[in-house]
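**Q** Any chance you could fold what I've pasted below:
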Amino acid sequence: MTRLNNVLGRPDGTAVLAQDRYVMTKVSQAKRGALLGVVERSWKRFGYRIESVNPSKIVPAIFAVTPDGYGVNIQVGVEGNVSFEVGSPSFPYSEDSEAYDSGGLEPDTMPDVDDPFWSR
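**A** Presented below is the predicted three-dimensional model:
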């Protein structure tokens, strides 16, 4: 949970939840556009509104909003690591609620699985 601040940098009583997921299959540079195309068409079928697209051949990305207000994106990193992120609409939070602490654990984001189609 991330607590949000107003323009003065003070807590405004709202928060958002976000979750990242990493694709562990290696996606070749030649197939990245195809992967993002499949995702974009799928999101449109589900009624997601595409907000922006980064057409870069190296670090492409798509940013969208679901019909119920969640932000979603797929991004390709410089090294070919693909990630999905979902963020909730803002919601009120109680001052005494606890923020999530990952305990310092960071996920492995680098793909290590070869696939006969996506990795070549």
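
**Q** residues contacting the residue nearest to the spatial centre of the chain?
**A** The chain has E85 as the residue nearest its centroid, 1.9 Å off, counting by CA atoms, centre = their mean. Contacts for E85 (CB atoms under 8 Å, 6 or more residues apart in numbering) come out as A18, Q19, D20, R21, G71, V72, N73, Q75. Where you see a C-beta, it was placed from the backbone N, CA and C, and this is true even at glycine.

**Q** Tell me what the first one is bridged to.
**A** This means A18. Counting by DSSP bridges, A18 is bridged to G87.

**Q** thought it was touching V86?
**A** Yes - at 6.8 Å, A18 counts as touching V86 under the criterion of CB atoms under 8 Å.

**Q** which residues do these two both contact?
**A** Overlap of the contact sets of A18 and V86 (by CB under 8 Å, 6+ apart) is empty.

**Q** Secondary structure of the residue nearest to the centre of the chain: a helix, I assume?
**A** No - assignment of E85 by DSSP: H, G, I helix; E, B strand; the rest coil gives strand, placing it outside any helix.

**Q** Run through the helices of the chain in chain order.
**A** Using DSSP state H, the helices of the chain run over 29-45.

**Q** Quick one: find the helix or strand in it with the lowest mean pLDDT.
**A** In the chain, the helix or strand scored least confidently by mean pLDDT, DSSP states H and E is strand 2-5, which has a mean of 66.

**Q** one step back: and which of the contacts of E85 is nearest R120?
**A** Checking the contacts of E85 against R120 by CB to CB gives Q75 as the nearest, at 21.7 Å.
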